[in-house]
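Novice: Turn this into a structure:
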Amino acid sequence: MSRSTAEAEARVKGGTFPAWRGKRYVPLAELPVRLGGFGLDLTWRVALDEIVDPRCAERERRSAESGMDTLTLLPLTTPFLQLIDAEAWGFTGDEPVVVLTECDGSWWGLRAGDERVLSGLRHSYPGATDL
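Specialist: As a prediction, this is how the structure comes out:
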């Protein structure tokens, strides 16, 4: 590992929180919005282990191209679409700045180098734990 890679990884922090809040699933569509203006300005690429809906194929197609802006991503991740083992990368230019990981339909993970992003997550999802 190069020194610059090690330094970059040292700056990245993260947290996790349950994908379910009571009986309500927290969908991918909710997360960029909860990140505020930061999340709305990103370009997204999404990878899925399981295709659970026809919109998943459209997300994969757009992700394989140049990604999609947040307003394109949102209707492809409606509130009733539960993901299973998915990862969404939010980019600013060519630089990934946030990674959202959905694991087994049970919890979400977030990694970001900007503490404001993590603070926003903690505020939106009390009980989020640090990695």
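
Novice: okay, CA-based contacts and neighbour counts for the rest of this
Specialist: Fine.

Novice: give me the element the residue nearest the centre of the chain is part of.
Specialist: The residue lying closest to the centre of the chain (CA atoms, centre = their mean) is residue 100, at 2.6 Å. In this structure, residue 100 is located in strand 95-103 according to DSSP states H and E.

Novice: contacts for that strand?
Specialist: 19, 83-91, 108-114 (CA atoms under 8 Å, 6 or more residues apart in numbering).

Novice: just the buried members of these?
Specialist: 19, 83-91, 108-113 (16 or more other CA atoms under 10 Å).

Novice: Minimum pLDDT in those, which residue is that?
Specialist: Lowest pLDDT of the buried ones among the contacts of strand 95-103: residue 83, 73.

Novice: Can you flag which of the contacts of strand 95-103 belong to strands?
Specialist: Among those, DSSP state E puts 86, 87, 88, 89, 90, 91, 108, 109, 110, 111, 112 in strands.

Novice: tell me the two of the residues you listed that are most distant?
Specialist: Farthest-apart pair in the ones in strands among the contacts of strand 95-103 is 91 and 108; separation 18.4 Å (CA to CA).

Novice: Need the ones in strands among the contacts of strand 95-103 in TSV (columns: distance to residue 60).
Specialist: Listed next are these as TSV, based on distance: CA to CA, whole Å:
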residue	distance to residue 60
86	11
87	11
88	11
89	12
90	14
91	16
108	20
109	20
110	20
111	21
112	22
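
Novice: Fine, thanks again, bye for now.
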